[in-house]
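Participant: How does the following fold in three dimensions:
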Amino acid sequence: MTKVRILSYRLRALDSLRGIGRVMDRSTCGDQKGAVISMTKVNLNINGATHSIDVPDTGMPLLWAIRDYAGLTGTKYGCGVEICGACTVWIDGSPEKSCDTSVSEGVGRAITTIEGLSATTAGAKLQQAFVDHQVPQCGYCQSGMLMAATRLVQSGSVPSDAQIDSAIGNICVCGTYPRVKAAIKAASGGTTPIPTTTTTRPTTTTTTRPTTTTTKPPKPTTTTTTKPPKPTTTTTRPRKPVTTTTRPRKPVTTTTIKIKGDD
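Facilitator: Predicted coordinates for the structure are as follows:
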């Protein structure tokens, strides 16, 4: 996919969002300068009833006229560039992407939304088959998926997987395509088994651990041996004889000093 094509898709997606920012007063709206923009009254035939609505621009996507002005919110906004198919409605019995169809293109034509699908025999069969086969998960894409798939059921023959793939390009992010095919075949008269929802609880297996008894051998008996006391040996050392040594005294010498004149 080239960059030019990607940019084109993004611009178309932004253009499809023009209907989101509608003003509170549906008869007149003003910009920041206070200018008044007149609304255009259109009559849309939706699900067999006439809806007289005021729109700011007849070039706005039909999707926003259906959701915001007619109040039928079953038709969803997905991508805004005719890829996902969540916005699919019937216009004169043919599936069309309402995100890229203008309001003016819907004037004077028979529009059928998901709210009016059950009024048709094929639509009621397919809706019940979707319930029986538990097709929806989040359910966001289911309105567009039903609108596109009902045309196959109306054909009167059981379509093959290849025919379903070729006729329906709707995107389901939940990936319920096998159930979608099974429901379409069942509503077309095929014999497709309905999935059962019996939940079998897993059997809880109780594992008994084997009991291992380990008998420890008895500890050997410790024999306490009492050693006989060592004999006490008393050794008496002989005392050394005390020797007394008497030193002789020095003799005292007396010196007489005579002093003259004592005679």
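
Participant: Phi and psi next, for residue 105.
Facilitator: Residue 105 adopts backbone torsions of phi -70, psi -20, taken as degrees, to the nearest 10.

Participant: Next one: it relative to residue 174, how far apart?
Facilitator: 31 Å (Cβ to Cβ, to the nearest Å). Quick note: C-beta positions are derived from backbone N, CA and C, even for glycine.

Participant: do the same with residue 147
Facilitator: The value you get for residue 147 to residue 174, if Cβ to Cβ is used, is 18 Å.

Participant: who's more crowded, the two?
Facilitator: Neighbours around residue 147 and residue 174, counted as other Cβ atoms under 10 Å, are more numerous at residue 147. The numbers are 27 against 14.

Participant: Isn't that one up against residue 116?
Facilitator: No - with contacts counted by Cβ atoms under 8 Å, residue 147 stays clear of residue 116, the gap being 10.0 Å.

Participant: For burial, what's the neighbour tally of the closest residue to residue 97 other than its chain neighbours?
Facilitator: Spatial nearest neighbour of residue 97, excluding adjacent residues (Cβ to Cβ, 6 or more residues apart in numbering): residue 82 at 4.2 Å. Neighbourhood size, residue 82 [other Cβ under 10 Å]: 19.

Participant: and if you look at residue 238?
Facilitator: That count, for residue 238 with other Cβ under 10 Å as the rule, works out to 5.

Participant: cool, and residue 45?
Facilitator: For residue 45, using other Cβ under 10 Å, the count is 15.

Participant: just residue 62 next, same as before
Facilitator: Neighbours of residue 62 using other Cβ under 10 Å come to 30.

Participant: so what's it up against?
Facilitator: 89, 98, 101-103, 105-106, 111 (Cβ atoms under 8 Å, 6 or more residues apart in numbering).

Participant: Strands - which of those residues land there?
Facilitator: 89, 111 (DSSP state E).

Participant: Select from the contacts of residue 62 the one having the most neighbours.
Facilitator: Neighbour counts for the contacts of residue 62 peak at residue 98, which has 31 neighbours (criterion: other Cβ under 10 Å).

Participant: Let me see the contact set for that residue.
Facilitator: Going by Cβ under 8 Å, 6+ apart, residue 98 touches 61-63, 66, 75, 87-89.

Participant: ok, it to residue 144 distance?
Facilitator: 9 Å.

Participant: Give me the common contacts of these two.
Facilitator: By Cβ under 8 Å, 6+ apart, the residues touching both residue 98 and residue 144 are 75, 87-88.

Participant: any weak-confidence spans in the stretch 1-150 of the chain?
Facilitator: 1-36 (pLDDT under 70).

Participant: Identify the residue spatially nearest to residue 88, adjacent ones excluded.
Facilitator: Of all residues not flanking residue 88 in the chain, residue 144 sits nearest, at 3.8 Å (Cβ to Cβ, 6+ apart).

Participant: Now do the helices in the chain.
Facilitator: In the chain, the helices defined using DSSP state H lie at 3-16, 62-64, 103-106, 121-132, 142-153, 161-167, 177-187.

Participant: Let me see the ranges of the strands in the chain.
Facilitator: Under DSSP E, the chain gives strands at 28-30, 36-38, 40-46, 49-55, 88-91, 94-97, 110-112.

Participant: looking at these, which is buried most?
Facilitator: strand 88-91 (a mean of 24; mean count of other Cβ atoms under 10 Å).

Participant: what's next to that strand, contact-wise?
Facilitator: Contacts for strand 88-91 (Cβ under 8 Å, 6+ apart): 62, 66, 75, 95-98, 101, 105-106, 109-114, 143-145, 147-148, 170.
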